[in-house]
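> What shape does this take:
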Amino acid sequence: MGKLSTFDFVIFLIYFLVVTLYGLWIYKRKKSKTAGSKDYFLAEGSLTWWAIGASLIASNISAEQFIGMSGEGFFIGVAVAAYEWLAAIALIIIAVWFIPIYLKNKIYTMPQFLETRYNKSVSLIMAVFWLFLYVIVNLTSILYLGAVAIDSLLGAGHLHIIMIALLLMALFIGLGGMKVIGYTDVIQVAVLIIGGFATVYMALQVVDQRINGAAIGNALTGFDTLLKEAPEHFKLILNKPRITTTTLSMPENLAAQKYIALPGLAMYFAGQWIVQLNYWGCNQYITQRALGADLKTARTGILFAGFLKLFMPVIVVLPGIAAYVLYTKGYLSNFNGAKDSAYSAMLGLLPSGLKGLAVAALTAAIVASLAGKVNSISTIFTLDIYKKYLKTNTSEIQMVRTGRWAIIVAMLIALVFTWTDILGIGGEGGFTFIQKYTGFISPGVFAMFILGMFWKRTTGTAAIVGVILGFLLSIFFNSFAVELFGKETWIYTAFTYEKLENGVVKTITEIPFLINMGWSFFITVAVMVLLSIFGPKVNPKAFVTDKNMFKVDNRTLFLIVIIVLLLTAIYIRFW
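The predicted structure follows:
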């Protein structure tokens, strides 16, 4: 049984049975008599605000966070939590300004948004792109990272079996449609939060026991120990390092590498907001949970997710910092120092039973994300490709069947790519892999959406040019900008440091990734505006809007104030 005891497996089995039986009960209780496609893909108004909020978190928190972000917590520290905490503000923006536009104009998929606002060409191009991204990059990375993490806890040697098991669990939930996904996500989130907090609590106790020699570890004392032993890991804003030399005892300039990943205050001017607003507001995988609800329910659910987001760094970042302190003190002898192994190394220190709960939490996050992702894949394929281009006179029942087959095919493709790690996820690091491949397209996609929503003169030609230009600019700024024009051209956003590669010290000048996104976005927006004004004359199809749709009621305002106050307190504490 590897590193898990019989009691751990019993705990995990209980989790599996609860989710399975609850999913079956939901499917039978809420099964639509008409088997309509909107009911299957969008749950057609049957999700409550708490189910929407829980489903958003369950779909978002996956192996990328548990493994990848915990690894960045090990390497960088609490600064990486900006991805989680700023998401809360992004969700406020989505709830107040984005969702009303979607619901007012009866938007059910993101390609439909593009067709309604621009034209069929823009819609088809992006539908194909999103299918490729979701299947090849997102499904593959979630499955690979999750399987590797669980396999390490079982003692290794079960990677492919775990991949198949995770897919089968996600398949069972995904085939039930959005209702089953939404309500089982409530259970998944409960397991994720309880298991995650229990893991952190015990990890802090272990820190107190190992470092301070306490007979019975105290979690609060353990946290104070982390603050004392690794103060640099609790800086939310990284300063731009002045070190530009590499010593022989250090394989690379670590301070420089951290700044390249999270460039201090500079990342807050554009990069982080492009990441957040594009992910939470222009992403079928996320917005689909709220598109079938009324405005009040959708807003409350989204803000509930924003509230939960404030606590996610405790679950996914603190274990990485704890692993860093224990590793530097020599208490993780079986840990090789690889970022993506930090979370698994911490789980290995937990007592019997709690380890099973932690694995259940990790599995819940993975399965919920897989199920949500394949549902979005089937929705886009069925509603935006199959119905519009392959079989226009298809029936409601046939669309549901097609959606289910799309889920099966997507999972098989992901399994093929994951089986041998064709994309090299393991070599690049999970969090870096996902940010790299989704971030190249984010500036163009977000520019197309934000101008389409709030500037009625934006044309379809500008939208197509914007997506392509945003992608090309991302490549340009990441690989060629500094070499072609020099670092002075980019208003001090380029950063020079030295790095040891294959025994040779090399001087490197590059622009941090999040700053690259800002440059790409602003230039793309400027070009789209010019094209819309001076380009081909068309009659833009602006959305139906009115001032009242953006007004917030007292409950919404109360939730927004609570989130803002809590986030303000967090930033004041860790500035």
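> residue nearest the centroid of the chain?
Relative to the mean C-alpha position of the chain, the nearest C-alpha, by CA atoms, centre = their mean, is the one of residue 60, at 4.9 Å.
> Tell me who's in contact with the nearest residue to that residue once chain neighbours are set aside.
Setting aside the residues directly before and after it, residue 60 is nearest to residue 286 in space (CB to CB, 6 or more residues apart in numbering), at 7.0 Å. All C-beta atoms are positioned from the backbone trio N, CA, C, and that covers glycine. With contacts defined as CB atoms under 8 Å, 6 or more residues apart in numbering, residue 286 is in contact with 56, 59, 60, 279, 280.
> got a pLDDT number for residue 286?
The pLDDT attached to residue 286 in the predicted structure is 83.
> With residue 277 instead?
The confidence metric pLDDT takes the value 95 at residue 277.
> Relative to residue 353, how far out is it?
41 Å (CB to CB, to the nearest Å).
> Repeat that for residue 338.
Counting by CB to CB, the gap from residue 338 to residue 353 is 27 Å.
> Go through the helix or strand harbouring residue 143 and flag the buried ones.
Using DSSP states H and E, the secondary-structure element containing residue 143 is helix 140-153. For helix 140-153, the neighbour count (16 or more other CB atoms under 10 Å) marks 140-153 as buried.
> so which of those comes closest to residue 183?
Nearest to residue 183, judged by CB to CB, of the buried residues of helix 140-153 is residue 142 at 20.9 Å.
> is it true that the closest one touches residue 63?
Yes. Using CB atoms under 8 Å, residue 142 is in contact with residue 63, at 5.5 Å.
> Common neighbours of the two, please.
When contacts are counted by CB under 8 Å, 6+ apart, residue 142 and residue 63 have 366, 369 as shared neighbours.
> Quick check: residue 506 is in a strand.
Yes. Residue 506 sits within a strand when classified using DSSP: H, G, I helix; E, B strand; the rest coil.
> how near is it to residue 391?
Here the criterion is CB to CB. By it, residue 506 lies 56 Å from residue 391.
> what's the answer for residue 374, then?
Going from residue 374 to residue 391 by CB to CB gives 21 Å.
> Give me the more crowded residue out of those two.
residue 374 (31 against 12; other CB atoms under 10 Å).
> Please list all residues in contact with that one.
The neighbourhood of residue 374, defined by CB under 8 Å, 6+ apart, consists of 139, 170, 171, 174, 406, 407, 410, 411.
> Just flag the most distant two among those.
Across these, the two members that end up farthest from each other (CB to CB) are 170 and 406, 13.8 Å apart.
> For these two, indicate the residue with more neighbours.
residue 170 (27 against 22).
> a helix runs through the more buried one, doesn't it?
Yes. Remark: residue 170 belongs to a helix, assigned using three-state DSSP.
> how far away is the residue lying closest to it once chain neighbours are set aside from residue 173?
With CB to CB, 6+ apart as the measure, residue 370 is the residue that lies nearest to residue 170, at 3.5 Å, once sequence neighbours are left out. From residue 370 over to residue 173 the distance is 8 Å, taken as CB to CB.
> Name all residues that make contact with the nearest residue to residue 301 once chain neighbours are set aside.
Using CB to CB, 6+ apart and skipping residues adjacent in sequence, the residue nearest residue 301 is residue 52, 2.8 Å away. Applying CB under 8 Å, 6+ apart, one finds that residue 52 lies in contact with 182, 289, 290, 293, 297, 298, 300, 301, 302, 304, 305.
> Ok, residue 389 next?
For residue 389, the contacting residues are residue 124, by CB under 8 Å, 6+ apart.
> I'd assumed it was in a strand, is it?
No. According to three-state DSSP, residue 389 belongs to no strand; its state is helix.
> from memory residue 100 sits against residue 551, does it?
No. The pair residue 100 / residue 551 is not scored as a contact, 9.1 Å apart, by CB under 8 Å.
> so for the longest helix seen in the chain, what's the average pLDDT?
Longest among the helix segments of the chain by residue count, using DSSP state H, is helix 178-212. Model confidence over helix 178-212 averages 88 on the pLDDT scale.
> buried residues in it?
178-189, 191-193, 195-196, 198-211.
> what about residue 156, is that helix, strand or coil?
coil.
> How about residue 106?
With three-state DSSP as the basis, residue 106 sits in coil.
> model confidence over the helix holding residue 143, on average?
Predicted confidence along helix 140-153 averages 82 (mean pLDDT).
> So what's the gap between it and the chain middle?
In terms of CA atoms, centre = their mean, to the nearest Å, the centre of helix 140-153 is set 16 Å apart from its chain centre.
> same for it, what does it pack against?
Under the contact criterion of 3 or more CB pairs under 8 Å, 6 or more residues apart in numbering; DSSP states H and E, helix 140-153 touches helix 63, helix 159-174, helix 342-347, helix 354-380, helix 396-419, helix 425-428, helix 430-439.
> If we use 6 Å, what do you get?
In this structure, helix 140-153 makes packing contacts with helix 63, helix 159-174, helix 342-347, helix 354-380, helix 396-419, helix 430-439, judged by 3 or more CB pairs under 6 Å, 6 or more residues apart in numbering; DSSP states H and E.
> Neighbour count: residue 100 and residue 551, which is higher?
A direct count of neighbours by other CB under 10 Å for residue 100 and residue 551 places residue 100 higher, at 20 against 11.
> I'd assumed that one was in a helix, is it?
Yes. Applying three-state DSSP, one finds residue 100 inside a helix.
> Just the buried positions in stretch 261-275, please.
Going through stretch 261-275 with 16+ other CB under 10 Å, the ones that come out buried are 261, 262, 263, 264, 266, 267, 270, 271, 272, 273, 274, 275.
> one step back: comparing residue 277 and residue 353, which residue is more hemmed in?
residue 277 (24 against 15).
> Let me know the helix or strand that the more buried one is in.
helix 271-281.
> Mind giving me the packing neighbours of that helix?
The helices and strands touching helix 271-281, judged by 3+ CB pairs under 6 Å, 6+ apart, are helix 82-93, helix 442-454, helix 513-534.
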